[in-house]
Each structure stands twice: as C-alpha cells, then as structure tokens.
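[1] Provided below are the primary sequence and the corresponding predicted coordinates.
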Amino acid sequence: MALLEIKDLQTQFFTSAGTVKAVDGVSYTVEEGETVAVVGESGSGKSVTAMSIMRLIPWPPGKIVGGSINFDGKDLLALTDDEMRSIRGRDIGMIFQEPMTSLNPVLTIGMQLTEPMIAHLGMSEEAAMEKAKKLLGMVGISEPDRRLAQYPHHLSGGMRQRVVIAMALACDPKLIIADEPTTALDVTIQAQILELMKDLTRELGVAMIIITHNLGVVARYADRVNVMYAGRIIESGNASDIYHRPRHPYTLALLKSVPRMDRQREAKLDPVDGQPPDLTKLDGGCSFRPRCRFAQDHCAKSFPALEDIGGGHTSACFEKDNLDKEVKDVVG
Amino acid sequence: MSEAVSQKRNTRTGSSEGFDEVLVDVRDLKMYFPVTEGVFVPRVVAQVKAVDGVSFQVFRGETLGVVGESGCGKTTTGRCILQLEKPTAGEIIFYGDDITKYDSKQMIDVRKKIQVIFQDPYSSLNPRMKVGEIIAEPMKVHNIITDEAERQKRVRYLLNVCGLASAFADRYPHEMSGGQRQRVGIARALAMDPEFIICDEAVSALDVSIQAQVINLLEDLRDEFDLTYLFISHDLSVVRHICHRVAVMYLGNLVELADGDELFENPLHPYTRLLLNAVPIPDPDIEKGRAHEIIKGEIPSPINPPPGCVFHPRCPMAVDNCKKQIPQLREVKPGHWVACTEV
Ligand SMILES: Nc1ncnc2c1ncn2[C@@H]1O[C@H](COP(=O)(O)OP(=O)(O)OP(=O)(O)O)[C@@H](O)[C@H]1O
Ligand SMILES: Nc1ncnc2c1ncn2[C@@H]1O[C@H](COP(=O)(O)OP(=O)(O)O)[C@@H](O)[C@H]1O
Ligand code: SF4
Ligand code: SF4
Ligand SMILES: [Mg+2]
Ligand SMILES: [Mg+2]
C-alpha cells in the first residue's frame, strides 16, 4: 500500500466573492521513499492541497468538503485534532518557502530543534540536544554548539532553511512536504539545499512531496510529477514522460514557456495567451479551454477525467491523442 | 527599422555582432554605503562595498545582462547609472559627458532617455492613481505632451502596445494581475520615448507563462522602438534567452563579461562555472547526466570583503597567491573578459 493516498480531495474557501474551488477533485499517491513533485502556476491549488494533507486549512473561510486522505494506514480526515497534532511534525515534516513561517524569532535554535523531540518522542533534554547537534551537522551547519544558542536572526536565509530541514527531520518522519522550499533563495543556495534534501531523503528513506513552479527543479529532483491547473491535476507521470511525451496542452504550453539556459536561443518563447481562470467562476467544462489551442466544442460540455495512457502516465484532456505535432515541436 | 536588423535581433541574441556604438560607458564605478553607529551622533564605523570598481560599456541596441547572487551589487549598479545614488567614485559617460557630475537641472534631459522597470510592479505603482494617470504622469511632469486629449491618446496607444486594452486606463493597480501590472510599468517607462531602459528583475516575480508573455513583449518593444536594455536578473535561463552579452558580478566586482553564447558555452571564471552548474535544466534526462558540483559556503559580507580575489574562500581553483593579488579584468579572447589569475 502507498504511504500516502489522496482520493478526490475537494477543498473550498467560502468568500464574499463566491466559493473558491481551490482543490477540486485531486487524487494522487506517494510511495515510501519516493520524491513526488507538484507543479503548476500560482493559484493552481498546490499549497492548499498540501495544507489539506496537514489539516491546516483555516476555517472560516476554508474547508475540506470531500475526498479522503490515507497516510500510513490512517484516515487523516477522521482523526481528532489531538491525533492530527501528533502526526504533524512527527510522521510528517514540513518545509515552507519562508523559513520564518516555521521558526519562532524569540526562541533559540536549540529550543526549537529539541522541543518536538521532547514532545513527540519523549526524549530527555540532554538526548534531544545531542541529536540536535547531529542534525545541524547533517544539514551542513558548522559549529553546532554555538548555533544552538543563537536566534534565527543571527542566521542567513539559506542557513535558516537548513535549520527548518533539520527540524523537519528531527522526529524521523516518513514524509516531508516541502512547499517552494528554495523559491526565496539564490540558485547556488537552492542547489545546496535541494542536494541536501535529496541526499537525506535517500539516505533515510523518507518520502517527499516537493511543491514548486520551477520546471528545472522538478527535472533535477523528482521521480514523479503531478501537473496542476485550476485546482485539478491535469497530467501526471514519471519525469521523463512529462518532459518528453507530454499529453496535455497545458503541460505542453508550460514547456514552451520556459527559456533554456543550455541551448542557443532559436526562437521566441511560445506561451499560452491569457491568465488562469477565476476559481469562483468555473463552469462544467475543461477549465483550460479559454486558453487552449486544441479546444473543440465538446470541451465545454464536461470536464475531462484523468485517464491512464499507460506506464502510470495520465492526462485529463479529450484531445490527448491529437497533440503529436506540437509535442514534436517542443521536444524535437 | 529595417527588416534585416530586426530579424538579426530576433534570432541572434547571444552574440554582440553588429553592435559597435557605445551608448553608456561605466568606468571604475564604486559605491560604498556608510555603516553608522550611534543614534544622536552617528559615526561611520564601516563601509558596505556594494560596488567596488566596476567597468563596462553598453552598446546601442544591445541587451546586456547583469547576473549574480543576491547582494552582489546589480541593483546598486543600475541605481548609480540612473543617478539615484551618488557614486563614491567612477564615471558614467552618456553622450560623451560624465553624468555623475551633472546637477539636477542637467539631469532632467538624461532622465527622459534612461528609464527603469522594477521587479515588483505593485510597490512601484502609486495605488491611489488610476493606470491612465500613472502612465500620463511623466509626460505631464516633463511637458512632453501638454494637450490632455493628446496625452490620453498616447496612454491608450502605450497600453495597446503593451498588450492591454484601452479600458485598463480606468483601473487601479490592485484591480490587476501581476503580469498586467508589469505591463503598466513597461508602458510608463515607454511614455518618455527612452533610449535606454534598465530592467531590474523585471520578469522575476511572474509565473512561467505570464513571464514568457512579458519577455516576448520586452523583445518586441526593443525591436520596434530601437531600445537598449541593461537586463538585471538572477535568472540565468531568462538572461540566456534575451541578452546579447552578459556580465557576471560577485561581491561588488565584475568577474566575467562575454557574448551570451560564449559565456554559457565556455564559462572561464570558476564562479561563473559553479553558478551555471547550479541552474537546473528543465529536462530530466539531461539532469541525470550532469555532474552537480555544489558551490560551498555563502557569500561573505561586503563590509569586510576577503583580501586578494574576493572569491578565494569559496573557489575550488584557488592558490596561495589568490589571497594576496587582486585579479584584474582582462580580455582573454576577443570580447571575453575574465578577472581570474588562474585562467
Ligand atoms: N542604501 C544602502 N545602504 C547600505 N547598504 C546598501 C544599500 N543599498 C544596497 N546596500 C548593500 O549593497 C549590496 C549590494 O546590494 P544590491 O541591492 O545592489 O544587490 P543586488 O545584486 O541587486 O541583489 P538582489 O539580487 O538581492 O536584488 C548589498 O550588500 C546591500 O545590502
Ligand atoms: N485563506 C484563503 N481564503 C480564500 N482563498 C484562498 C485562501 N487560501 C488560498 N485560497 C485560494 O485557493 C486557490 C489555490 O491557492 P494555493 O493552493 O495557495 O495556490 P498555489 O498553487 O500557488 O500554492 C487560490 O485561488 C487562492 O486564492
Ligand atoms: S479537454 Fe479540450 S480544452 Fe481541455 S485541454 Fe484538452 S483540448 Fe484543451
Ligand atoms: S583568482 Fe584565484 S580565487 Fe579568484 S577565481 Fe581565480 S583561481 Fe579562484
Ligand atoms: Mg503556494
Ligand atoms: Mg537587486
């Protein structure tokens, strides 16, 4: 059985402007030890999906209105708040874009690192301190003794994110959810942090969901990829299929929008026109329709289901078998 | 502009071929910011060497990229050219004159010709003004078009050129998306009919497909209005796509400068090599075959930059001499400049 299985998840925000269908029927699985990426543009529902797994959707205005989330044999949506708290930070670690989301500015690094170990694992203060030192070493922070006594503002952005990774690993989690963990960092620091996360998750056998809008990061680090658009997964598969044999017009459009550092420039970029839809105004048809070059009349009538095209590669598009020419244009 | 020229521009970024008229000449630019202590009687206790002796030329019609990590001095260089900072030392030659010596009256004409587009369109647009007023304002202030109706006509024209319907003139910035606001920022920069635009992380805050739309717009405008860009960005993929030449900065120094294709295919400075290596390429098969060499440590403080070559504490090629000798930028191949003694 998969470590995490999300089925038909629906999360909505009830706002004065209408009901925001932020996550609208998302299903995916994460196997033990695997790195799964979720990509998509801003507002597509990546973070809300992650917050739903953690049961951190703020009510009001937000609510999980349907679906199920199975983690390590437990139905997360059926747990009490107390039971959920003991899973968060222990079995599931979290890393966010802005490290200060996870760090308390008025507590020392040492207190913040040891607290979850003492609370969740019942470790003694001394044992937790010892482990905290080891963790700081693992994430590449020198002079751990000195750092444990320091406060977050003594550290650079890259070092803070390393501390957050150490915190996420502190209680030997089975899964880490990293939401844009390096978006705020320079590429060189991004490479350091992602390499570190890759090594540690492989070494320790921890599974990871990495949420990002950076297609390069996905190509370098993910085993499998879920592409989100307007609250749904519209294509998923292994990284090679997604990049070389995309079967959804939106995925294709994304690939045609990214400039490449490794090639001489040949032509202008060829992005889709327009913007993502307003999630309060979705109709019953394919939500990519207004921007889609392949759209047909039937695309307005119902929403295309995510269908298997073989080898664990799925696509939600009525025209998925008719994209050949453009796919060749992109992948050569 | 002739068909031939715009064709060349569209397909030949990555090369500086055909550009030979110097538009801006930056000579040994230094910008030190004082670090002060004491609330009532502040005294200067140190200097932040944000830019520490940078020289380069910008050719008319080209797009010169400036890349490097956060804090390396990209924005400060741009702000000095715009005369938003008074440089500590150095010259900025524009039309044969050193504009660092200009008084504010002399600067008025320069300001029309040099414009800027910022990263965050939200904070750079006045939230209480309608988009039409925002674009019209510089024309009003500089008396470019005095007739109100004519000005409104030009506003609509500029909006359309930037891919926005005329109706956007009546909206407020907060009623628009990030991509649309960035188009407003571009329209405002174009209002003065500038020759030179400094784009400081102009597309960095935008999502993939919106970013691509704005990149295409900047390229179209460059060709249509014969613009020259200084394209400041930390995104090396975007820079490779849009720039003819690229300058790499590290800790206030210019460490490498070359044509785009040459720099990306044949980087010579150890820092440039590591920087390029850190950029992930959107192709999992290529990534599998790439050796990932991770740069160690973090950028030192510009208050106390390391002696000798500023890169030596992190440089895998460093030798003893690097701690003492400051490497000068030298031309190792035609058009390819590097500041490293070991190359
Ligand atoms: N007004 C100022 N006073 C003091 N220090 C400053 C000032 N402006 C910039 N600096 C410092 O100068 C250095 C260069 O800053 P600059 O903004 O030019 O960097 P940058 O390359 O544009 O970085 P980023 O990629 O983060 O935009 C930094 O160390 C910065 O903290
Ligand atoms: N607290 C909230 N109240 C109302 N709408 C929200 C809230 N949080 C998120 N949303 C909406 O849910 C949608 C998905 O957001 P999110 O998951 O954060 O996107 P991303 O893919 O960028 O992570 C967006 O339309 C966003 O505006
Ligand atoms: S279902 Fe139709 S509109 Fe939707 S992506 Fe496919 S072709 Fe385009
Ligand atoms: S001069 Fe020395 S330290 Fe500096 S980049 Fe060259 S080899 Fe490295
Ligand atoms: Mg998000
Ligand atoms: Mg800057």
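    It's in. Ligands and ions are numbered 1, 2, ... in the order given.

[2] And for stretch A:41-54, what's in contact with it?
    The contact list for stretch A:41-54, computed with Cβ atoms under 8 Å, 6 or more residues apart in numbering or on different chains, reads A:4, A:6, A:9, A:11, A:22-24, A:26, A:38-40, A:57, A:62, A:64, A:69, A:71, A:76, A:88, A:92, A:94, A:177, A:179, A:209, A:211, A:213, A:228-232, A:276, A:279, B:207-210. All C-beta spots, glycine's among them, are computed from the backbone N, C-alpha and C.

[3] Stretch B:133-146 too?
    Stretch B:133-146 is contacted from outside by B:108, B:111-112, B:125-126, B:129, B:151-152, B:154-155, B:158-159, B:169, B:173, B:184, B:187-188, B:191-193, using Cβ under 8 Å, 6+ apart.

[4] Stretch B:29-43 too?
    With contact meaning Cβ under 8 Å, 6+ apart, stretch B:29-43 is reached by B:44-55, B:73, B:76-77, B:80, B:85, B:87-92, B:303.

[5] residues near the nearest residue to A:K174 once chain neighbours are set aside, how many?
    Nearest non-adjacent residue to A:K174, counting by Cβ to Cβ, 6 or more residues apart in numbering or on different chains: A:D91, 5.4 Å away. Per other Cβ atoms under 10 Å in any protein chain shown, the neighbour tally for A:D91 reads 17.

[6] Close to ligand 2: what parts of the stretch 51-200 of chain A are there?
    Neighbours of ligand 2 within the stretch 51-200 of chain A, by Cβ under 6 Å from any ligand atom: A:P58, A:P61, A:G62.

[7] Show me how to select, in PyMOL, the buried members of the contacts of stretch A:41-54.
    Entered in PyMOL, the line below selects the buried ones among the contacts of stretch A:41-54, by 16 or more other Cβ atoms under 10 Å in any protein chain shown:
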select buried, (chain A and resi 4+6+9+11+22+23+24+26+38+39+40+57+62+64+69+71+76+88+92+94+177+179+209+211+213+228+229+230+231+232+276+279) or (chain B and resi 207+208+209+210)
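
[8] Let me know how buried B:T36 is, in neighbour terms.
    Neighbours of B:T36 (other Cβ under 10 Å): 12.

[9] now A:H120
    Neighbour number of A:H120 under other Cβ under 10 Å is 18.

[10] so what's it up against?
    Applying Cβ under 8 Å, 6+ apart, the residues near A:H120 are A:S86, A:G89, A:R90, A:C171.

[11] how far does the host helix or strand of it sit from the chain's center?
    Assigned by DSSP states H and E, A:H120 falls within helix A:109-121. Distance, stretch centre to chain centre, for helix A:109-121: 25 Å (Cα atoms, centre = their mean, to the nearest Å).

[12] before we move on, what about stretch B:204-223?
    A distance of 15 Å separates the centroid of the chain from that of stretch B:204-223, by Cα atoms, centre = their mean.

[13] which of the residues in the helix or strand hosting B:V155 are buried?
    B:V155 belongs to helix B:148-161 when assigned by DSSP H and E. In terms of neighbour count (16+ other Cβ under 10 Å), helix B:148-161 has its buried residues at B:R151, B:Q152, B:R154, B:V155, B:R156, B:L158, B:L159, B:V161.

[14] again with stretch A:27-34
    For stretch A:27-34, a neighbour-count test (16+ other Cβ under 10 Å) marks A:S27, A:Y28, A:T29, A:V30, A:G33, A:E34 as buried.

[15] and those, which two are the farthest apart?
    Greatest spatial distance among those (Cβ to Cβ): A:S27 and A:G33, at 20.6 Å.

[16] Near ligand 4, which residues of the stretch 101-250 of chain A are found?
    So the stretch 101-250 of chain A never meets ligand 4 (Cβ under 6 Å from any ligand atom).

[17] wait, what's in contact with A:R291?
    A:A253, A:V272, A:D273, A:G274.

[18] 10 Å instead, please
    Applying Cβ atoms under 10 Å, 6 or more residues apart in numbering or on different chains, one finds that A:R291 lies in contact with A:Y229, A:P249, A:Y250, A:A253, A:P271, A:V272, A:D273, A:G274, A:Q275, A:P276, A:P277, B:S209.

[19] got it, and A:I209?
    A:I209 makes contacts with A:4, A:28, A:30, A:34-38, A:46, A:49-50, A:53, A:92, A:175-179, A:222, A:226, as judged by Cβ under 10 Å, 6+ apart.

[20] still on that earlier bit, out of the residues of the stretch 51-200 of chain A next to ligand 2, who's nearest A:C299?
    Closest to A:C299, out of all of these and judged by Cβ to Cβ, is A:G62, at 29.4 Å.

[21] And the strands in the chain, which stretches?
    Assuming you mean chain A. Using DSSP state E, the strands found in chain A span residues A:4-15, A:18-30, A:35-39, A:62-71, A:74-75, A:92-95, A:175-179, A:207-212, A:224-229, A:232-238, A:307-308, A:314-315.

[22] please go with chain B instead
    With DSSP E, the ranges of strands along chain B come out as B:22-37, B:43-59, B:63-67, B:89-94, B:97-98, B:114-117, B:196-200, B:228-232, B:245-250, B:253-259, B:330-333, B:336-338.

[23] so which of those is the most packed in?
    strand B:63-67 (a mean of 27; mean count of other Cβ atoms under 10 Å in any protein chain shown).

[24] Contacts (any at all) between chain A and the longest helix along chain B?
    When chain B is parsed with DSSP state H, its longest helix is helix B:208-225. Yes: Helix B:208-225 reaches chain A (Cβ under 10 Å from any Cβ of the partner chain) through B:V208, B:S209, B:I210, B:Q211, B:A212, B:Q213, B:V214, B:I215, B:N216, B:E219, B:D220.

[25] I'd say A:D72 and A:R90 touch.
    No: taking contacts as Cβ atoms under 10 Å, A:D72 lies outside contact range of A:R90: 11.1 Å.

[26] who's in contact with stretch A:75-91?
    Contact with stretch A:75-91 is made by A:3-4, A:6, A:9, A:52-56, A:64, A:66-72, A:74, A:92, A:94, A:102, A:115-117, A:119-121, A:167-168, A:170-175, as judged by Cβ under 10 Å, 6+ apart.

[27] The same query, at a cut-off of 8 Å, please.
    A:53-56, A:64, A:67-72, A:74, A:94, A:116, A:120-121, A:171, A:173-175.

[28] Please work out the average pLDDT along that stretch.
    For stretch A:75-91, mean pLDDT is 94.
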